[in-house]
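Trainee: Make a model of this:
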Amino acid sequence: PINGAVLPDAWATDAEPHPGELEPFFRFVSKNVQEHTNESAPIGLRDYFDFLRFMVTHGLSATTVVSIVKQLLSERSGRYGWKRVGILDLLQWDVFKHYYRTLKPGFATFFLNSVAHLQHTHWRNLEPEKFDVKPSDEEQEEFENAILFGYQSNDRLIGRFLDLAGDDVNLVFCTALSQKPCLGWEAEGAKRFYRPKRFEALTEFAGIEAAHECAPVMSEEFWVEFECEADAAEGARKLAGLRVDDREGFAVSQKGNRVYVGCSIFDEVSENAR
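Mentor: Residues are numbered from 1 along each chain as shown. Below you'll find the model as predicted:
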């Protein structure tokens, strides 16, 4: 058995947290992260209740509560919802601190993706001069400092880690691949992506009858898992056959009994498209 605690990445579709008491937190965060582009995401009152009960008993701090209240108040204008990525960081920090003090581990890791998310989404606001499609004045007013906000939030968290670790713990700060502006879609009017609000509606439309389950990945991508490879192969064939007007609708690849699917159209689709 694992000697410690493990919280899987929010995008993990085939991993479970350990110990099991982490499940309400993992489930709630995963649904919010995986479905953040879906306004009709299936997050019920029971999910909120279980999450809140978990947080109250696993380190929820007064500082985080105040930050949540301030964030929700700021969203009353219909803006600044993107800053919720900072709230997720604070919640994860509270849980990490609780387990760190409880378990006193010899080795611990902490993963954040908030800055990368803001870079993916708002680089056009950081350096508008590099893009052909310029953000509007209204967008720029709200998002000009979005990436800076992410860095500043992470910097404050690093300060908390230094305080928590003390002088007898080595801290290692690792970053992933460096980011750069995505300019490859400017001639098409900037990159867009599409994804189903309900994956099952799409698979039904494709004519898939075999038992299967769907799980979102990122942006336009998702998994479809079948009970056997033969069903997966048939499902992949049907999904690959879908077209939008005269274009291939989806990029499809099969891995065993799982099919990886992503919309392959990144420009604006006509409302009259079939």
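Trainee: And the helices in the stretch 151-274 of the chain?
Mentor: Remark: helices assigned in the stretch 151-274 of the chain by DSSP state H, counting those that start in this stretch are 199-205, 229-240.
Trainee: Just send those helices back as TSV, with distance to residue 169, mean neighbour count and mean pLDDT too.
Mentor: In short, each C-beta sits where N, CA and C put it, glycine included. What follows is the helices of the stretch 151-274 of the chain, written out as TSV (distance: least, Cβ to Cβ, whole Å; neighbours: other Cβ atoms under 10 Å; pLDDT from 0 to 100):
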stretch	distance to residue 169	mean neighbour count	mean pLDDT
helix 199-205	43	15	93
helix 229-240	46	18	97
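Trainee: could I get those as CSV with distance to residue 77?
Mentor: Listed next are these as CSV, based on distance: least, Cβ to Cβ, whole Å:
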stretch, distance to residue 77
helix 199-205, 33
helix 229-240, 41
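Trainee: Residue 95: which of these is closest?
Mentor: helix 199-205 (29.0 Å; Cβ to Cβ).
Trainee: Next, the residues that contact the closest one from outside, please.
Mentor: Outside helix 199-205, the residues that touch it by Cβ atoms under 8 Å, 6 or more residues apart in numbering are 196, 212, 214, 216, 222, 224, 235, 239, 242.
Trainee: Wait, the third one touches residue 226, no?
Mentor: Read it as residue 214. No: in this structure, residue 214 is not within contact of residue 226 by Cβ atoms under 8 Å, at 10.6 Å.
Trainee: Neighbour count for those two, which is higher?
Mentor: With neighbours defined as other Cβ atoms under 10 Å, residue 214 and residue 226 compare such that residue 226 has more, 22 against 17.
Trainee: List the contacts of the closest residue to the more buried one other than its chain neighbours.
Mentor: In space, and not counting its chain neighbours, residue 226 is closest to residue 232: 4.3 Å by Cβ to Cβ, 6 or more residues apart in numbering. Contact analysis of residue 232 by Cβ under 8 Å, 6+ apart lists 224-226, 254, 256-259.
Trainee: Which two of these have the greatest separation?
Mentor: Maximum pairwise distance in the contacts of residue 232, criterion Cβ to Cβ, is 12.1 Å, between 224 and 256.
Trainee: Of the two, which one has the most company?
Mentor: Set residue 224 next to residue 256 and count neighbours by other Cβ under 10 Å: residue 224 wins out with 27 against 10.
Trainee: Just grab the bridge partners of that one for me.
Mentor: Beta bridges link residue 224 to residue 214, residue 259, judged by DSSP bridges.
Trainee: Next one: it relative to residue 68, how far apart?
Mentor: Look at residue 224 and residue 68: by Cβ to Cβ, to the nearest Å, they are 35 Å apart.
Trainee: same question, residue 214
Mentor: Distance, residue 214 to residue 68, using Cβ to Cβ: 31 Å.
Trainee: circling back: so which of the contacts of residue 232 would you say is closest to residue 57?
Mentor: Comparing those against residue 57 with Cβ to Cβ places residue 225 closest, at 33.0 Å.
Trainee: My guess is that closest one contacts residue 215. True?
Mentor: Yes: Residue 225 is in contact with residue 215 according to Cβ under 8 Å; the separation is 7.2 Å.
Trainee: so what's in contact with those two at the same time?
Mentor: residue 13.
Trainee: Where does the prediction get shaky in this structure?
Mentor: Within the chain, the stretches with pLDDT under 70 are 36-42, 177.
Trainee: Spell out for me which residue occupies the centre of it.
Mentor: By Cα atoms, centre = their mean, the chain has its centre lying nearest to residue 33, at 3.5 Å.
Trainee: give the contact list for it.
Mentor: 10-11, 88.
Trainee: okay, now the residue nearest to residue 32 when sequence neighbours are not counted: neighbour count?
Mentor: With Cβ to Cβ, 6+ apart as the criterion, residue 32 has its nearest non-adjacent residue at 6.9 Å, and that residue is residue 43. A count of nearby residues for residue 43, using other Cβ under 10 Å, gives 15.
Trainee: Surely residue 43 is in contact with residue 34?
Mentor: No: Residue 43 lies out of contact with residue 34 (Cβ under 8 Å); the separation is 10.6 Å.
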